[in-house]
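Trainee: give me a model of this one.
(one chain, ligands or ions: 1)
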Amino acid sequence: MCGIVGYVGQQPAQGVVIEGLRRLEYRGYDSAGVALVSDGAIAHDKRAGKLANLEKAIAEQPLPAATTGIGHTRWATHGAPNDPNAHPHLGRTGRVALVHNGIIENFAELRGELERAGHVMVSDTDTEVAAHLLELAVVAGRDLTTAMQEVSRRLEGAFTLVAVDAQDPSRVVAARRNSPLVVGIGEGEHFLGSDVAAFIEHTHEAMELGQDQVVTITADGVQVTDFDGTPAEGRRYHVDWDLSAAEKGGYDWFMRKEIYEQPRAVADSLLGRRTPEGLLQLDEMRLSDDELRDIDKIIVIAAGTSFYAGMVAKYAVEHWTRIPVEVELASEFRYRDPILTQRTLVVAISQSGETADTLQAIRHARVQRSKVLAICNTNGSTIPRESDGVIYTHAGPEIGVASTKGFLTQLVACYLLALYLAQVKGTRFGDEIAEIIDQLEQMPDHIQAVLDGDEQVYELARAHVDNTSVLFLGRHAGYPVALEGALKLKELAYLHAEGFAAGELKHGPIALVEDGVPVLCVVPPRGRDFLHDKMVSGIQEVRARGARTICLAEEGDDTITPYADALVRLPEVPVLLQPMVAVVPLQLFACELATQLGHDVDQPRNLAKSVTVE
Ligand code: F6R
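Mentor: Model (predicted):
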């Protein structure tokens, strides 16, 4: 969703801001704009469509030189994605420029108040009222920081606001409530960004902000306060990935690059998890062993792909620890009055750490005094900060809107959590846990083996460009994989794609099967005979009704050969770990099919990477 950049320092601000916006493009947007402070005035431009439209406009009508500026990529909520609604928005006299991410819930009331006082709004956005209010405060004599504190106290909803004042080029001021914002700390320059990608080419030093805080950056310093002006501290941290991680490195899509990064991402997420004595350790768990021993129920909350990682977690946690697990869509969780106690552990899985539905769900859980553990890929994001503990995944930045390495590393974190609980609760012997960790440590090689067979999957994808409907079947831990395969195809190729639990077929979905419909089938390893054989029967049933079966089955499984129109081989791994290899061909399939159809794989229509509104 919206991307925000702010800069003050010695460099030409226009270049820094536009480059920052480019690095945030992956978040999804429909218009872009920039405002600079130059010679006591605000110079700005904003355009609907891609960043290239803005750049073209600026090339035709250049903005003046400046070393202070802000920029924005907008994902429309209030008002159509057109030029007037794009950000920045200006105050009544044009002295203040402001960009915003989030939704100001009381904007209608504020707009009415301003209009009654003679203000004329030129956009349909909720944002413009904040620009007018802020300007009124600076015109009344407040500095921009004090004005921002004052205005923030009046706003309801979720917002990151970033503003500049034409009469004070020394500072950029931001406010944050429920929407992401991080500070980049340079030498003689400072940055603001929706995430660190916005400034990673300039500095690796970052500061996360708390809830309801105002931050002022100048060339030489950073000052943080709460909305009342009381000084506050931000947490500084070092970003350990570099610019190359935020670039495509020769691939056509970030998504494709991220698929091929999965062996590395999984290996990195497993690093440093064992003590010299061979025990499992989770650095930022922050929940004591006593607290964990006391847990009698786990509820996993997440959205989209992260939800499917949660479904896999249920199989692993229940099997290894015997703790009952529920998996719930974050957007549904707090509306059903869930039964939560102090002995419930709520596990929030979120790649971005900013998904509004998941954030609101954990807040609800904490009010009920349940413990919350986050599984997250983004240091400095809100969900881990508001949780009692966190397991960070180490996938590096995930830029393609469709989650791939995020998913695989979430699976790693879920397995580690399950094994850690088994260790603490004593539901598995130490050597059993050690053996499973050994198996996990072999997964990067297995994933690489699947990637090495990419050409076969690409050919299959190319052969299916004319299909309008694709089905996916799985059982047990393969069921969430089927759902994930279908989600990838929906979001990238815009096809009708559905995933089913194979056992449910005859309860309805089999009616969808007709001549030639492709059905991708995730076949469980043979070690689980009862599962495997049931799946093979399901495949026979759809094939008998005309389906074209594409089976993903482990090496050496010949029972499936007679019923497979195409057979993609998977390495032999334990059933609970199979999702980590089985999902990879489905990612490749969706990526290639969408590419063949000419779609923008990294920024599919209507989607945003980080869904920061409910
Ligand atoms: C699918 C996808 C989304 C996200 C979902 C949750 O490819 O990317 O379904 O998985 O929006 O996002 P996070 O994990 O950031 O909370």
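
Trainee: tell me how many other residues crowd the closest residue to residue 328 other than its chain neighbours.
Mentor: Leaving aside its sequence neighbours, residue 328 sits nearest to residue 301 (C-beta to C-beta, 6 or more residues apart in numbering; 5.2 Å). All C-beta atoms are positioned from the backbone trio N, CA, C, and that covers glycine. If you count neighbours by other C-beta atoms under 10 Å, residue 301 ends up with 31.

Trainee: how about the one 3 residues further on?
Mentor: Using other C-beta under 10 Å, residue 304 is surrounded by 22 other residues.

Trainee: quickly note the distance from it to residue 252.
Mentor: Separation of residue 304 from residue 252 (C-beta to C-beta, to the nearest Å): 24 Å.

Trainee: what sits against the residue nearest to residue 328?
Mentor: Residue 301 makes contact with 310, 327-330, 333, 346-349, 358, 361-362, 365, according to C-beta atoms under 8 Å, 6 or more residues apart in numbering.

Trainee: can you select the buried ones among these for me in ChimeraX?
Mentor: The following ChimeraX line selects those of these that are buried, judged by 16 or more other C-beta atoms under 10 Å:
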select :310,327,328,330,333,346,347,348,349,358,361,362,365
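
Trainee: list the contacts of the residue of the chain found nearest the ligand.
Mentor: Taking C-beta to the nearest ligand atom, the ligand has its nearest neighbour within the chain at residue 304, 1.8 Å off. Counting by C-beta under 8 Å, 6+ apart, residue 304 touches 403, 487.

Trainee: try it again with 10 Å
Mentor: Residue 304 is in contact with 329-331, 350-351, 355, 357, 402-403, 407, 484, 487, 491, 607, 611, counting by C-beta atoms under 10 Å, 6 or more residues apart in numbering.

Trainee: report the buried residues of stretch 533-547.
Mentor: Buried positions in stretch 533-547, judged by neighbour count with 16+ other C-beta under 10 Å: 535, 536, 538, 539, 541, 542, 543, 545, 547.

Trainee: hmm, back to that, only alpha carbons, please: show the helix or strand the residue nearest to residue 328 falls within as PDB.
Mentor: Following DSSP states H and E, one finds residue 301 within strand 297-302. Taking Å, rounded to 0.1, in the frame of the first residue of the first chain, the C-alpha atoms of strand 297-302 are listed here in PDB:
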ATOM      1  CA  LYS A 297      -4.100 -23.800  23.200                       C
ATOM      2  CA  ILE A 298      -2.600 -22.100  20.200                       C
ATOM      3  CA  ILE A 299      -4.400 -19.900  17.800                       C
ATOM      4  CA  VAL A 300      -2.600 -19.000  14.600                       C
ATOM      5  CA  ILE A 301      -3.800 -15.800  13.000                       C
ATOM      6  CA  ALA A 302      -2.700 -14.600   9.500                       C
END
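
Trainee: partners of it in the sheet?
Mentor: Strand 297-302 sits in its sheet next to strand 325-329 (parallel), strand 344-350 (parallel), going by DSSP bridges.

Trainee: now tabulate the ones you listed in a markdown table and tack on distance to residue 181 and mean pLDDT.
Mentor: Putting these into a markdown table (distance: least, C-beta to C-beta, whole Å; pLDDT from 0 to 100) gives the following:
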| stretch | distance to residue 181 | mean pLDDT |
| --- | --- | --- |
| strand 325-329 | 27 | 97 |
| strand 344-350 | 17 | 97 |
